[in-house]
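Okay, predicted coordinates and the sequence, questions at the end:
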Amino acid sequence: MSKIKLMHAKLHRVRVTEANIEYVGSITIDKYLIDKVGIMPLEEVNIWNVTNGNRLSTYVLPGKAGSGTICVNGAAARLCDEGDILIIVAYEERDRDEVLRSGHGARVILADEDNGVADFIRQQLIPSGDTVQLHTLSNKVGLE
């Protein structure tokens, strides 16, 4: 039984609203956004700063739903400035054979300038013999 890590959630091009060096740690993210893509509070995420190239991992704390909050806290605040553009990704460990049998899904938000939903995308790995096919379904509505 071999395990693989697959993306299950992504917040693409969200904008940092605050960098708080004094906070204990983590990243605070609008609860609506994390709920929509399926990231849990305290879940580990990888963060890629598009603006300056910095990369880090930390855990998520929920912010006020609908606020657009993306607040990088603690030591990580030294790697991000207010206004920076981030990509935030969460992975899950899956059994490779199970993915080949049953597939896998990921949810992606493409953010607008205010950290709202410009597009909501579902990416599915669909079993196909000894491999999988990637299918992407975009839903520009996103705010159902």
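Yep, it's here. Residues are numbered from 1 along each chain as shown.

who does the one helix or strand N46 maps to touch, helix- and strand-wise?
Using DSSP states H and E, N46 falls within strand 44-49. In terms of contacts (3 or more C-beta pairs under 8 Å, 6 or more residues apart in numbering; DSSP states H and E), strand 44-49 is packed against strand 55-63, strand 85-95. Quick note: C-beta positions are derived from backbone N, CA and C, even for glycine.

And the ones you listed: which comes nearest P41?
strand 55-63 (5.1 Å; C-beta to C-beta).

The closest one vs strand 44-49, what angle?
Orientation check (axes from the mean of the first three to the mean of the last three C-alpha atoms, to 10 degrees): strand 55-63 against strand 44-49 gives 110 degrees.

Give me the sheet partners of the helix or strand that strand 55-63 is followed by and which way each runs.
Scanning forward in sequence from strand 55-63 by DSSP H and E, the next helix or strand is strand 70-73. Paired strands of strand 70-73, with direction, are strand 18-20 (parallel), strand 27-30 (antiparallel) (DSSP bridges).

Could you dump the helices and strands packed on strand 44-49 into CSV with distance to K140 and mean neighbour count added?
Compiled in CSV, those are given as follows (distance: least, C-beta to C-beta, whole Å; neighbours: other C-beta atoms under 10 Å):
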stretch, distance to K140, mean neighbour count
strand 55-63, 25, 17
strand 85-95, 20, 18
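
for those strands, which one sits closest to K10?
Nearest of the helices and strands packed on strand 44-49 (C-beta to C-beta): strand 85-95, 5.0 Å.
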